[in-house]
Every structure is written in C-alpha cells, then in structure tokens.
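**Student:** coordinates only, sequence not included:
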C-alpha cells in the first residue's frame, strides 16, 4: 500500500470483502426485511399508505439495530487493539494516530453504510406501494446516514478514551443518552422554576432544538404525511458536526489515552481499580456463595452499580408522577414514551450482563478454573445468573411499575382501545403482553449469552436482532396459520346484530409466542450448558 | 514411603473427530512422587491432563484418582486435585488476596480457615508482600506463582500442572521448581507436564514419555537414562594422557564388546561390556596394571535429551 494513511483502511476493507460474516450479515438483513414484508402481508396492513408503513418499519428497525451495532461493532475500533495489546505494534510501524483512526473507523462506517444498500430493493418496493415519496426516502437516508456518522465517531472517541470494549460501550451509551435525553429532560424543568427564573421560552427553545437534533424527532417529521421539507435539515447538520467534533477530539486525545501501559503488562506498585478515572471501592470478603459474590461485584458493579441502577431507573419514574396543567398533554406523551422505553432499556441492561457473564470468563480464560470447582456447570451458571438477577432488581421493579402505570393509563386516561373490546378483555390482553415481555426478555438474555460463547463481540447487537427476527417470524407463522385455520376470528356478530371484537382471539398470539419462546429458551439452556462444558475443556 | 497409587490410567483413548489424540495410554503415579509427563507438542499430554482434571470424559479406558473413578466420582476427585492449566487464567481485576479468597470460599472453606491457608500459600509462593496488588499489575512469573497459590488454596493432595514453567525466565523457572520440591516435602503428589525433558530431570523421580498418543516409557527417571536392556553397561574412562598399552589391554579383555578410540585432544574412552562376564572393578584393575593414569571412571548414562530422541519419533504429527 503506497499511502500509509489508508493502509489500515484498505486492509480492513479487504478483510471484510473476504470474510463470510459480511455476506451472511447482509443476507440475513435481506431475509429479515423479507420477513417484515411477509409480516405486512399477513397482518392486513396494506390498506392505508402501505408503502409508508413498510418503509417506517424498515427504518425504525434499522435505527434500533444500528444503535446496538454502534455499541459493540463501532466501539471495538481502537478498544480491540488495546485488549489484544496490538496497538503498540501499530504505533511501531510508524502509522500516525490519524491513519489508525481513519483505518479503524472508516472501514466500519463503510460496512454499516453498505448495509443500507441491501435494503434498497425494499425501499423501491415501498415507493411502488405508495404513501411515501422519493423526497421522504432521500430525507430519511440523510437522517440515518448522519446519525450513523455521529454514532461511529462517538464510539470511536469512546474506544480511544476507554481501556476496554465495555468501557467504550458505556461511554457511547452515555453520549447517546445525552443526545436523546437532554431535550426531554429540559422539558421536565418545573413551570414554577421557569417562571421564577424567567427562562421559560429559552428552556423551551433549547429543549426543542436539542430534541429536533435527534433522529427520532427528524424521522417523525420526515415520515409524516405531506412532508415537503429539505432532505438535510438541522438534525443532519448537527449530527455531522457532532460526529466530526468527536473524530477530531479522538485524534487530539489519542496520544494521551493510547500510550498508556496495556492491561496485563507488568507494572511497579499496586495499581488500584479505576473506572474512567474514578477509584472503585474494595469489595467485601466473599459471601458464602462465592460465585454469586464474584459476579455481583466484578461483573455487575456491586452495590455501587446497584445504586447507579436504582438512581437511573428511579429517575425514569419521575415523569409518571409529574403533573402540570400547562404541559399535561406533553407529559402524557412522556408517560407513554417511558412506559415503552423503560422495558426496552431494562432488556438492554439484562442483555449487556448476559453478553459478559460467560464472555468475561472466556476472555480471562478462567472458565477452566471454575469448571474445576466441585460443582456442576449447571450450578455454576445458575449462581452467576443469580448475581445478575440481584443487580437487575431496580430495573425489574421499575419496569413492573412502568407496566402497571401503562395498564392504568390505558384503563383510565387513554381510552384508545376499541370500544367494542370489553375492559376486562383489555386487562387480560395487556397482562398477557406484560408476561410476554418478561418471557421475551428471558429469550434475549439466553440468545445473547449463547451467542457470546462463540462471538468475541457483537453478541448483544446480533442477539437483539435475532430475537426480534425470531418474534417477527413467530408472529408471521401465527398469522399465516390462523388465517389458514380461521383460529383468530377477529370479529363476530352477537345476538343483537352488532359486531363485536372477539377478545379471546387476541390471546392466542401472545400465548403462541410465549410458548415458542420458552421452547427456544429450553433448547438454548441445554445447548448452552453443553457448550460451556466443552469450552472449559477446550480452553 | 507409602506407595499407594494416586493416578491409575488404563487403556485411555480419546479422539477429536478424525484425530486420534490418545491411543491406549496406561500408566500409574505413586503417592508423594513428582511424576514428569513429557512428550513433544501434540503428543496428547494436555488431553491426558484434562481427562485427569475431570474436564474431559474419557471416550474409552478407565481412569481413577485416589481410587475414585473420574466419571462416577467427579466431585470427590475435584476436591482432592488442583489443576493448573498451561495458560494464564486469572481474574486480573482482583487483588491477589481477593483472588485466593474467592477460590477458598468457592471450595467452601470457612473465614478463619481461609485466612490461615491463604497466609500459608502466599508465604510458600513468596507472594505475601504483594497480596494487595491487582493481579493485572503483576509480572508473568508472579502471576504464575499466584496461579500455583490458587491451586493450593483448598489443600489438594494431587497437583496437576500443565507446562507450569512455560514463558518463565530462567530464574523464575528455578524458583518454581524449588517451590515444587517444597510441596513434595509437604506430602503432595505432583504430576507435571513439559515438552522439555531436561527441565524435569533434577525434579522428577518418575517420568512418563508420551508420543503420538502412546506411552513410550514409564518408570523411574534413572531407568530412563540407564542402558536399555540391563545386561550391557557403558562406562567412560578418562586418562591423564593417551596410553597405547592401556588401549590394547582393554581391547583384549574378555567381555568387552566395544572400545571407542580417544578423541584427538582428550584421552577419553567409552567401554561397552557384558555385565555377566566383567565387572567395573576388573576393568579398572586392568587399566592400572597396564600403567594408565586414571582421571575418572564413571558409568556413561545416556543424555536425557538423547533418551527422549530415541524414544520419540521425528517429524510433526499430522
């Protein structure tokens, strides 16, 4: 390679082009999109602007998947070199920090952007179906492209600053939370405070400005009926500028953070445990259940992690209790938003723990040491999982509360349920959906943990995508089967001649999904234990 | 010394897909011995160790440790053995004390017991001064010592050590061997694998040589270096100066089958003779009577590496 600046980039592109994973990923994405189209066909959603509905589904899934990919694939750019202690070797070759940053991040960015190409036929299909214009399609791709650029460079900065991949992911997560949450948080400033300080309009303007810089707000705007705005708006400009700023910052601080002694290198003295510069407290003596103690303190962050989770999840509950006459509608929306976000965040939290529970043992090559203890692998895995369950208690409690609020909200405030559906039927259905969420969360945990046994990184992102693909597939199978058998009779005519919705027909879908998920969990449980035993012997 | 059999392996076979790793391995290890387990790369040493450590189930054959079958009594075996794998496997974010404390607790030791035994193993491995250091900050040699301390924390009777000296500098190797000597004195049985026979020569009293999944030799270390059949002996005679009458007298001696001529600058002869017909004393008497000025007269044991080369096959296993 003649130009050292592009040496790493060219190598990465070649590796991607030769690797089977690249093609499997793109093929998998194509298959997944096909599944969505089938899902549309099965759920009779062709009537009202089907093209826009299909396109919205595709883009929503893409943004969610991209965010997960950002937390694993993008954050590994420099962190993987640090973990494998090869960054020093790269520096010895004379590659400049700029060449390393460009080489490691640009190839990943290109890989992510190339995934969009795979969905191009489906986008054309959506345009053909109607309801979405080419202007909207262009604006959406500008939005997603700018967000991808920001995410990639935010993750790059995280991987420069952090010592390891998980630290980089946490950094990236905080950055994203700041981007997505700062606007809504400003909205939460009480009216009394705004009036007292006389900053009401300024706060509202800033909050609006911050919120419209998010891809969520921009996609809502672009995908609305009758959009005639410019393809590149404030979100695109701000995301590109922020992304460029992150890249420049990563370049500036590269020497400071990447010339540190690598982990595992011998050092004089007694280095203390630190997390982003903060000195971590020493854990107490091991509990009687030592395996649980180890994972609770060294995987889940111990009581400090528990406190952070309690504060974080507890803070999320504030909008549920907040009432303000002037902004009631806005906070009603917030409540609805949080009711769906909290379970999602909780499942991400669980999946993050699942991704590390065995991977950390494989990384440290300690699985053999654990397997040598006088316990079965089932017992070891169970104790490790219990440590994560203990750490997840705040999230579980808040998720349950959010679900309760959600149920209450639908019963008393929203009233958006079809009138023909009796209240008790709605309750049963919602409770079943809530149970379905817990089963789904367990499925995500199992899929991610199982994938982490084979994948060094990316298990979390792939696990989420696979689980959602699995759920979509099950729904489609159910819809096709019910259409064929007449099981899910949507409506019936009662004795007085009026049409009512057959509530029990709604029950079958969650029941079917839950049962199928439990079967998959059972299979993964069995296979996972076998795989763990094999890995303990292999390592 | 009690000669109870600690490890008993009979006709152990193991196959990885199409690759036969172990093809009928049989040997025993006696209590309170240091038993070397030597073989070239890919000989099947690690597979045997993993079977002994209850990590791999034997596909065929019978393996028992302290009389417990390793499949049927896996838990009982695990309580009495300590296995140190050939790679560095440690929780690097823990301090040395936390690491040992965790394993002590995992083995069910009470708090008081743990404190005492951790103190003992840290003293034995000379790591007491570094107990509050993060493992991440320790050198490779120190991490190996901590790893050994971890193996000892539940006071096992048998230590299975897979290439414990690999990657260590000469000083760290010697210190590790000294610790192992000390452990033998404390009554432990040590089964140690290596692909370098000479490394184990001074340490082990017994050795098993494995090549391509088959036992090539098992027995005492002395037996390995002695002549193979026990009927002939080879002695090395060194004279102050070359002396032709002595050479002639040795060649004429009845029972001497071979006398190698001296080297150009050194009057050293190698004599091979039949033990039934001739004794070393008779040879020495003949040399002195012939007027040779003897500097040394010793049995020529085979060099360990030569013995190893003779027993194992050349080339890479495919």
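**Tutor:** Yep, it's here. Only a predicted model underlies this, so the values are computations on that prediction, with no experimental measurement involved. Numbers count the residues shown, from 1 in each chain, chains lettered A, B, ... in the order given.
**Student:** correct me, but residue B:239 touches residue B:294?
**Tutor:** Yes. Residue B:239 lies in contact with residue B:294 (Cβ atoms under 8 Å); the separation is 6.3 Å. Every C-beta, even on glycine, is put in place using the N, C-alpha and C of the backbone.
**Student:** Comparing those two, which residue is more hemmed in?
**Tutor:** Regarding residue B:239 and residue B:294, a neighbour count based on other Cβ atoms under 10 Å in any protein chain shown identifies residue B:239 as having more, with 21 against 13.
**Student:** how far away is the spatially most central residue of chain B from residue B:224?
**Tutor:** Residue closest to the average C-alpha location in chain B (Cα atoms, centre = their mean): residue B:36, at 2.1 Å. In this view, residue B:36 and residue B:224 are 9 Å apart by Cβ to Cβ, to the nearest Å.
**Student:** can you check residue B:114 too?
**Tutor:** From residue B:114 to residue B:224 the distance is 41 Å (Cβ to Cβ).
**Student:** Which one's more surrounded, those two?
**Tutor:** residue B:224 (25 against 22).
**Student:** Name all residues that make contact with the more buried one.
**Tutor:** B:207, B:209, B:217, B:304, B:307 (Cβ atoms under 8 Å, 6 or more residues apart in numbering or on different chains).
**Student:** among those, which one has the lowest pLDDT?
**Tutor:** Among those, residue B:304 has the lowest pLDDT, at 67.
**Student:** and residue B:140, how many neighbours does it have?
**Tutor:** Using other Cβ under 10 Å: residue B:140 sits among 15 other residues.
**Student:** Residue A:470 is in contact with residue A:520, isn't it?
**Tutor:** Yes. Applying Cβ under 8 Å as the test, residue A:470 and residue A:520 come out as touching, 7.1 Å apart.
**Student:** Residue numbers of the stretch 101-250 of chain B in contact with chain A?
**Tutor:** Counting by Cβ under 8 Å from any Cβ of the partner chain, the stretch 101-250 of chain B comes close to chain A at B:101-107, B:111, B:130, B:132-134, B:136-140, B:142, B:150.
**Student:** Can you say which of those are buried?
**Tutor:** B:101-107, B:130, B:133-134, B:136-139, B:142, B:150 (16 or more other Cβ atoms under 10 Å in any protein chain shown).
**Student:** Break down chain B into its strands, ranges please.
**Tutor:** For chain B, the strands defined by DSSP state E occupy B:5-16, B:19-30, B:34-38, B:60-65, B:68-69, B:81-84, B:158-162, B:189-194, B:206-211, B:214-220, B:232-239, B:256-260, B:268-274, B:294-299.
**Student:** typo on my end, chain A
**Tutor:** With strands called from DSSP E, chain A shows them at A:274-275, A:278-279, A:491-493, A:499-501.
**Student:** Confidence-wise, which of these is weakest overall?
**Tutor:** strand A:491-493 (a mean of 49).
**Student:** hmm, the top helix by length along chain A touching chain B?
**Tutor:** Longest helix in chain A by number of residues (criterion: DSSP state H): helix A:503-538. Yes. Helix A:503-538 reaches chain B (Cβ under 8 Å from any Cβ) through A:536, A:537.
**Student:** Show me the shaky parts of chain A.
**Tutor:** Scanning chain A with the threshold set as pLDDT under 70 gives A:1-5, A:39-48, A:188-192, A:260-279, A:318-339, A:409-427, A:480, A:482-506, A:539.
**Student:** Skipping adjacent residues, who's closest to the spatially most central residue of it in space?
**Tutor:** Taking Cα atoms, centre = their mean, the centroid of chain A lies closest to residue A:68, which sits 4.4 Å from it. Closest residue to residue A:68 apart from its sequence neighbours, by Cβ to Cβ, 6 or more residues apart in numbering or on different chains: residue A:461 at 3.7 Å.
**Student:** give me the number of residues near residue B:248?
**Tutor:** Around residue B:248 there are 11 residues (other Cβ under 10 Å).
**Student:** can you check residue A:246 too?
**Tutor:** For residue A:246, the neighbour count with other Cβ under 10 Å is 24.
**Student:** which residues does it contact?
**Tutor:** Counting by Cβ under 8 Å, 6+ apart, the residues that residue A:246 touches are A:150, A:153, A:154, A:156, A:157.
**Student:** which of those count as buried?
**Tutor:** A:150, A:153, A:154, A:156, A:157.
**Student:** Next, count neighbours for residue A:406.
**Tutor:** There are 22 residues near residue A:406, going by other Cβ under 10 Å.
**Student:** ok, now residue B:174?
**Tutor:** 12.
**Student:** Tell me who's in contact with the residue nearest to the centre of chain B.
**Tutor:** Counting by Cβ under 8 Å, 6+ apart, residue B:36 touches B:192, B:193, B:194, B:197, B:200, B:203, B:204, B:206, B:207, B:208, B:221.
**Student:** Kindly report the same for residue B:60.
**Tutor:** Counted by Cβ under 8 Å, 6+ apart, residue B:60 has contacts B:11, B:12, B:13, B:14.
**Student:** related to what we said a few turns ago, of the strands of chain B, which approaches residue A:300 most closely?
**Tutor:** For residue A:300, the closest of the strands of chain B is strand B:81-84, at 28.0 Å, according to Cβ to Cβ.
**Student:** list the residues that contact both of residue A:470 and residue A:520?
**Tutor:** Common contact partners of residue A:470 and residue A:520 (Cβ under 8 Å, 6+ apart): A:443, A:447.
**Student:** How much space separates residue B:117 from chain A?
**Tutor:** 14 Å (Cβ to the nearest Cβ, to the nearest Å).
**Student:** Backbone dihedrals for the residue nearest to that residue when sequence neighbours are not counted, please?
**Tutor:** Sequence neighbours aside, residue B:153 is the residue nearest to residue B:117 in space, at 6.1 Å (criterion: Cβ to Cβ, 6+ apart). Per-residue torsions, residue B:153: phi -60, psi -30 (degrees, to the nearest 10).
**Student:** All set now, cheers.
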